[in-house]
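J.: Sequence and predicted model, in that order:
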Amino acid sequence: MSIKKICHIVFVLLLVLFSFYYTNKSIELIRNSDPIMKEIKKSEQKYKVEAKNAQIIGNKIIPGKAGKEVDQNESYKKMKQYGTYNESLTAFKETTPTISLDEYYDKFVVSGNLDKKSVALVFQVTKDQNLINIMNTLKEKEIPATFFLDGLFIENNLEVVKNLSSFELELLSYDNRYEEIYFNSALNYLNSITGKEPKYCYSDYDQKEVIELCSKLKLHTITPTIKVGNYPYREIKSKLSNAAIISLPINSSTEIELSSVIDYIKTRGYTFLTLEQLLNESSDK
């Protein structure tokens, strides 16, 4: 191919690109001078909500929260179809925090975002005693919860695990150990049962072996905001707070008092979420 022909092709391509750029600029100029777009821009500041960064305190982290702003293009499209500016047709989009929980697996998650008037109930399961009645209480009251199951328990109690599948299920350990080969195998087995990728690990306190393994596997490690002992109602009543992760033992005290605990939390105006919902940084969760 001759140099002259190559130059001609390059010239045509540049002309096409310039025409495309000029056309887009012209459309943008016309749109920005449209009274509808002017009204959208005039009102967008009152809707703007700044994103909140996740809080990092040493080796602990509290999730942030997404912000909100007007989606100019979508708002304009909807109002243009309507024929005039209509504030009720304003569309929005999320803005993400600069510092987000999703970026940190080497920190212990100690609560949800503190703006949330919600709590999450979590249970550690290594045996089936008292478990069925606790599960039935949750189902009767339509309360979501998260169960952290030991891998060996899963293998030996498959029918029980299937009965728990309407709740959020995560892996606790494997025979109370944290050896990667067994833990990873149990994660895959749990995934095959639930059809969902596990997301969290559980640690009662700052257990180095737990967070090192779980951060390697890209799992967030939670430690409870409130760890309940033998007196669930009394302990929760004195410690209840926004976005609390409440860890309840599988024992007779929890079995007896769980219904009263749930009723008390409701009277304080809190809603119940799964752990995933509580830790979600989206503004509509």
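T.: Alright, I've got the coordinates.
J.: list the buried ones in stretch 83-91?
T.: Of the residues in stretch 83-91, those buried under the neighbour-count criterion (16 or more other Cβ atoms under 10 Å) are 85, 89-90. No exception for glycine: its C-beta is placed from N, CA and C like everyone else's.
J.: My read is that Leu171 contacts Phe147, right?
T.: No. At 10.2 Å, Leu171 does not count as touching Phe147 under the criterion of Cβ atoms under 8 Å.
J.: Same list, the buried residues of stretch 83-91, but as CSV with pLDDT please.
T.: Rendered in CSV, the data for those read as follows (pLDDT from 0 to 100):
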residue, pLDDT
Tyr85, 87
Leu89, 90
Thr90, 88
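J.: those strands in the stretch 51-200 of the chain, which residues are they?
T.: For the stretch 51-200 of the chain, strands defined by DSSP state E, counting those that start in this stretch occupy the ranges 55-57, 60-62, 67-70, 92-95, 108-109, 118-125, 146-150, 168-173, 200-202.
J.: do you know which of those strands lies nearest Ile246?
T.: For those, proximity to Ile246 was assessed by Cβ to Cβ; strand 118-125 is nearest, at 5.4 Å.
J.: ok, back up a step: export the buried residues of stretch 83-91 to TSV and append columns for distance to Tyr105.
T.: Shown next, in TSV, are the buried residues of stretch 83-91 (distance: Cβ to Cβ, whole Å):
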residue	distance to Tyr105
Tyr85	46
Leu89	41
Thr90	37
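J.: and which of the residues you listed is nearest Leu164?
T.: Out of these, the one with the shortest distance to Leu164 is Thr90. That distance is 42.6 Å, counting by Cβ to Cβ.
J.: Tally up the residues packed near the spatially closest residue to the closest one that is not a sequence neighbour, please.
T.: Excluding its sequence neighbours, the residue lying closest to Thr90 (Cβ to Cβ, 6 or more residues apart in numbering) is Ser75, at 5.1 Å. Here the count is done by other Cβ atoms under 10 Å, and Ser75 has 25 residues near it.
J.: my guess is Ser75 meets Ser88, correct?
T.: No. With contact defined as Cβ under 8 Å, Ser75 does not reach Ser88; the gap is 10.7 Å.
J.: residues in contact with the closest residue to Phe183 other than its chain neighbours?
T.: The shortest distance from Phe183 to any residue other than its chain neighbours is 5.3 Å, reached at Tyr174 (Cβ to Cβ, 6+ apart). Shown here is Tyr174, whose contacts under the criterion Cβ atoms under 8 Å, 6 or more residues apart in numbering are 150-152, 182-183, 185-186.
J.: so how far is Asn156 from the nearest residue to Thr126 once chain neighbours are set aside?
T.: With Cβ to Cβ, 6+ apart as the criterion, Thr126 has its nearest non-adjacent residue at 4.6 Å, and that residue is Asp150. As judged by Cβ to Cβ, to the nearest Å, Asp150 and Asn156 stand 9 Å apart.
J.: okay, these two: which has more neighbours?
T.: Neighbours around Asp150 and Asn156, counted as other Cβ under 10 Å, are more numerous at Asp150. The numbers are 21 against 11.
J.: List the beta-bridge partners for the more buried one.
T.: On DSSP bridges, the residues paired with Asp150 through beta bridges are Ser173.
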